[in-house]
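Enquirer: take this sequence and fold it.
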Amino acid sequence: MNTYWLSFAPQSGPARVFLIDATDKIAAHQRIVQMGLLREGDETLILLIPEHMGEHALPRNRELTEGELQSVGAIKLGPKG
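Expert: Numbers count the residues shown, from 1 in each chain. Here you go, the predicted model:
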């Protein structure tokens, strides 16, 4: 099982980030769709998170907060532009 970082950039509004455990990136994306978390117009970035990275310790299967992301050194999220 791998951990994937899924970042969603909407046409407007803030970006969203989720960590999902899945066998591959396709399965991770399917999980987000099944959970009803994908929104129309979202552009999606999916990255494999190695176990040694700080992000690997963050919660799974829900939207991560800015505070959680900043706690592991991730940069502030904002709308695409």
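Enquirer: only C-alpha atoms from now on, for both contacts and neighbour counts.
Expert: Will do.
Enquirer: quick one: the strands in the chain?
Expert: 2-9, 16-22, 43-49 (DSSP state E).
Enquirer: send the alpha carbons of the second one over as CSV?
Expert: What follows is the C-alpha trace of strand 16-22 in CSV, where atoms were taken according to Å, rounded to 0.1, in the frame of the first residue of the first chain:
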residue,chain,number,x,y,z
ARG,A,16,-7.7,21.3,-1.2
VAL,A,17,-5.4,18.5,-0.2
PHE,A,18,-6.1,14.9,0.8
LEU,A,19,-3.8,11.9,1.6
ILE,A,20,-5.1,8.6,0.5
ASP,A,21,-3.7,5.1,1.0
ALA,A,22,-4.0,3.1,-2.2
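Enquirer: which stretches of the protein have low pLDDT?
Expert: 75-81 (pLDDT under 70).
Enquirer: out of the strands of the chain, which comes closest to residue 35?
Expert: Across these, residue 35 has its closest neighbour in strand 16-22 (11.0 Å, C-alpha to C-alpha).
Enquirer: the closest residue to residue 39 other than its chain neighbours: how many residues sit nearby?
Expert: In space, and not counting its chain neighbours, residue 39 is closest to residue 10: 7.8 Å by C-alpha to C-alpha, 6 or more residues apart in numbering. For residue 10, the neighbour count with other C-alpha atoms under 10 Å is 19.
Enquirer: quick one: which of the strands of the chain is nearest residue 71?
Expert: strand 16-22 (14.1 Å).
Enquirer: and that closest one, what's buried?
Expert: Residues 16, 17, 18, 19, 20, 21, 22 are the ones in strand 16-22 that count as buried (16 or more other C-alpha atoms under 10 Å).
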